[in-house]
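In: coordinates only, no sequence provided:
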C-alpha cells in the first residue's frame with residue numbers, strides 16, 4: 001500500500017476534489033472564512049481560490065507530502081499568504097486561541113482519531129472562533145446506514161482512510177462546539193448513492 005498511498009492516492013484525491021458538484025459546495029463554505037485561517041487537510045489546495053479578502057493568512061495542515069507540494073503550487077495565486085504544516089490534525093503545532101477560523105472540507109472522515117483532532121481544533125480557536133466544514137457523514141436513513149457500515153472497511157483501505165459512516169455532527173458537538181448551522185443532504189439527491197454530505201458552521205461559544 002506504500003506505493004499506492006504515496007504515488008497514486010494523492011493524485012486521485014486531487015482529481016476527485018475537482019469534481020464540479022464538490023466545487024460548488026466547497027465555495028459556499030470557504031467563502032465564509034475570515035481572519036487567520038487554519039485549513040485542516042488542505043490537500044492539493046482546491047479551496048484556495050475561494051477564500052475572500054477578509055482572510056489575512058492561511059495555514060494549511062496536510063500530512064501527505066505530495067499533496068503539500070501540489071498545494072504549494074496552488075498557493076502561488078492565493079490573495080492571502082499561505083504557509084504549510086506537514087502533520088496530522090491530532091497534534092496541531094499552534095498556540096492556544098490563535099486561530100479565527102478552522103476550515104475542513106472532506107477531511108474529518110479520514111482523520112484516524114477524529115475526537116482528538118476536534119479537541120485540538122477547539123484548543124487553537126479563539127473564543128468565538130468558528131469551525132466551518134463540509135464532510136461525508138452517516139446517513140439519516142437506516143437502510144443507507146447499513147450499506148455505509150458494510151462499505152466502510154473496504155472504502156477506507158482504498159480511499160486514504162475515509163469513513164462513510166461517521167456521525168459528523170455528533171462528533172463535533174460532543175467536543176463542545178455550539179452548532180450555528182447544519183445542512184445534510186445527498187450530493188446527487190438519491191439515498192441509493194450513499195454519498196450523504198454534512199455541511200456546518202460551529203462556534204467555540206457555548207450556549208448553556
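Out: Arrived safely, thanks for sending. Every value quoted in this text rests on a predicted model; they were computed, and no experiment measured them. Residues are numbered from 1 along each chain as shown.
In: this structure: strands as residue ranges?
Out: In the chain, the strands defined using DSSP state E lie at 35-40, 55-61, 82-85, 99-105, 125-136, 178-186, 196-203.
In: now the end-to-end length of stretch 132-150.
Out: Stretch 132-150 has an end-to-end distance of 29 Å (C-alpha to C-alpha, to the nearest Å).
In: just stretch 78-88 next, same as before
Out: 23 Å.
In: any idea of the mean pLDDT in that stretch?
Out: The pLDDT scores in stretch 78-88 average 95.
In: quick check: the closest residue to residue 30 other than its chain neighbours vs residue 34, distance?
Out: Closest residue to residue 30 apart from its sequence neighbours, by C-beta to C-beta, 6 or more residues apart in numbering: residue 50 at 3.9 Å. Just so you know, the C-beta spots here come from the backbone N, C-alpha and C atoms, and that holds for glycine as well. Counting by C-beta to C-beta, to the nearest Å, the gap from residue 50 to residue 34 is 13 Å.
In: who's more crowded, the two?
Out: Neighbour count, other C-beta atoms under 10 Å: between residue 50 and residue 34, residue 50 has more, with 18 against 15.
In: hang on, the more buried one packs against residue 26?
Out: Yes: Residue 50 is in contact with residue 26 according to C-beta atoms under 8 Å; the separation is 6.5 Å.
In: against residue 134, how distant is the nearest residue to residue 54 once chain neighbours are set aside?
Out: Leaving aside its sequence neighbours, residue 54 sits nearest to residue 34 (C-beta to C-beta, 6+ apart; 3.9 Å). Using C-beta to C-beta, residue 34 is found at 17 Å from residue 134.
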